[in-house]
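Visitor: Could you look at this predicted model? Sequence included:
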Amino acid sequence: MTTFSSLHASEIEAGPSVKGLQEIVDTAQDGDRILLGPGDYSGPIILHRPIRLEGGNDVRIVGNGTGNVITIDGPDVMLRGITVTGSGLDLSTQDSGIFVTPNGDGAVIEDSVISDNLIGIYLSGPENATVRNNIIVGRQDLRVNERGNGVQLWNTPGSVVIGNAISQGRDGIFVTTSKQNRFIGNEFRNVRFAIHYMYTHDSEIRDNRSFDNTVGYALMFSDGLKVTNNLSRGDRDHGILLNYANKSEFSGNVVDRGGEKCVFIYNSNKNDFRGNRFEGCGIGVQFTAGSERNVIVGNAFSGNRTQVKYVGTRWLEWSENGRGNYWSDNAAFDLDGDGLGDRAYRPNDMLDQVVWAHPSAKLLLNAPAIQILKWAQSRFPALHPGGVIDSHPLMAPPVIARFEGDGYHAE
């Protein structure tokens, strides 16, 4: 082992054959930088003081199959360029590749590979931690419900998760009981929920990409979120799911090639959807359980088998200040050339509601009496029982420039 002194700290070079890694980190002083040479190092290890632990190619810290591989239990620790593998498999003890305790304020974990652990990285209580530019791969030999999450966060205000590629876990990012978190520029594949929020407020979800997962963005019991410029492509159940999520803003998001629902809104109020694109799903948006005072303006609903599913007797106006949304199935005219349809658009009628409540009624849709009733509703809007109305539908969809390039269309 060779030590290089500087004014503020030392640089320590170490290889796997010199000493045990725990002994090396225990003898380091605050601010020291430990450079690991190629090879395997045995875990578990605990980092108690502010040091930098860095590796290059072919540096692995390998756990013994129990507990955490690395525990960060001191402030301002940095881990960079290391492969971490071999945690335990006990969900009750939250076994993780890297576990950051409440003492780990300011921890930085970046440019590393976290693979074949139960939970990839767990931020359990630190403030202002950073998880950046890592590859995180879960245990593919376990059933989904037996796996841990790629990045899990609990009560970690100010922490950020940026630019990671996460796959094969239960949820890509799971956060609960926290605030002021930012999840930016991450990519998710082969997980249950790409991003899963519970009881987390005043936070940001931006520029993330979810491909072929069960749900893209599941936001539950959380308020004051800013959800912008995210992609959900091919997610099977829901692109965006709101459950008791309130006072949040959604803009510039794209959900396409989805399965059941592009957006599902359950008992969620005072949310603002503007400039999003929802296309190619079974249902564009489903409203239920008394969701109220949501603003849905300037969005595009394209190629969904059912644009809106809303079962209720109230009218919901989906336009504001003379501007509504774009509907691909709206056979409208724009005789005055103002970019708006000349008639209001109603994406669901009384027959739709009958079929949603009684699916077997689909057998009657081609009956002459049903066709007469549909014609009558189109001529006499008062026959409608309530539902969504867009009084000023757009003739062209809004352009979301960042999703027009090849980078977001590549499979």
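Guide: Structure received.

Visitor: Tell me, how many residues neighbour the nearest residue to Ser159 once chain neighbours are set aside?
Guide: Leaving aside its sequence neighbours, Ser159 sits nearest to Ala129 (CB to CB, 6 or more residues apart in numbering; 4.3 Å). All C-beta atoms are positioned from the backbone trio N, CA, C, and that covers glycine. Number of residues near Ala129 (other CB atoms under 10 Å) recorded here: 26.

Visitor: show me what contacts Ser391?
Guide: 317, 319, 324, 344 (CB atoms under 8 Å, 6 or more residues apart in numbering).

Visitor: could you redo the last one with a cut-off of 10 Å?
Guide: For Ser391, the contact set (CB atoms under 10 Å, 6 or more residues apart in numbering) comprises 317-320, 322-324, 340-341, 343-346.

Visitor: where are the low-confidence patches of this protein?
Guide: Counting by pLDDT under 70, the chain has low-confidence residues at 1-8, 18, 289, 311-313, 349-386, 402-411.

Visitor: 80 instead, please
Guide: Counting by pLDDT under 80, the chain has low-confidence residues at 1-9, 17-19, 57, 289-290, 311-314, 348-387, 401-411.

Visitor: ok, which stretches of it are helices?
Guide: Counting by DSSP state H, the chain has helices at residues 21-27, 350-357, 368-379.

Visitor: which residue sits closest to Asp334, ignoring its sequence neighbours?
Guide: Here the residue nearest Asp334, using CB to CB, 6+ apart, is Met395, at 5.0 Å.

Visitor: what sits against Arg189?
Guide: Contacts of Arg189 (CB under 10 Å, 6+ apart): 137, 165-168, 172, 209-213, 234.

Visitor: Which one (most neighbours) among these?
Guide: Gly172 (33 neighbours).

Visitor: And that residue, how far from Gln22?
Guide: Distance of Gly172 to Gln22, computed by CB to CB, to the nearest Å: 31 Å.

Visitor: now swap in Lys309 and tell me
Guide: 57 Å.

Visitor: ok, now which ones touch the residue nearest to Asp212 when sequence neighbours are not counted?
Guide: Counting by CB to CB, 6+ apart, Gly234 is the residue found nearest to Asp212 once chain neighbours are left out, at 4.3 Å. By CB under 10 Å, 6+ apart, the contact set of Gly234 is 189, 210-213, 216, 255-259, 280, 411.

Visitor: Gly106 too?
Guide: Contacts of Gly106 (CB under 10 Å, 6+ apart): 50, 74-78, 100, 126-130, 158-159.

Visitor: Closest to Ser178 out of these?
Guide: Ser159 (7.6 Å; CB to CB).

Visitor: looking at it, that closest one is touching Leu153, isn't it?
Guide: Yes - counting by CB atoms under 10 Å, Ser159 does reach Leu153; the two are 6.2 Å apart.

Visitor: between these two, what contacts are shared?
Guide: Taking CB under 10 Å, 6+ apart as the contact rule, Ser159 and Leu153 both touch 100, 123, 125-126, 129, 131, 175, 178, 181, 183.

Visitor: now those: which count as buried?
Guide: Among these, those buried by neighbour count (16 or more other CB atoms under 10 Å) are 100, 123, 125-126, 129, 131, 175, 178, 181, 183.

Visitor: Determine which two of these are furthest apart.
Guide: Pairwise over those, using CB to CB, the maximum falls at Gly125 and Phe183, 18.0 Å.
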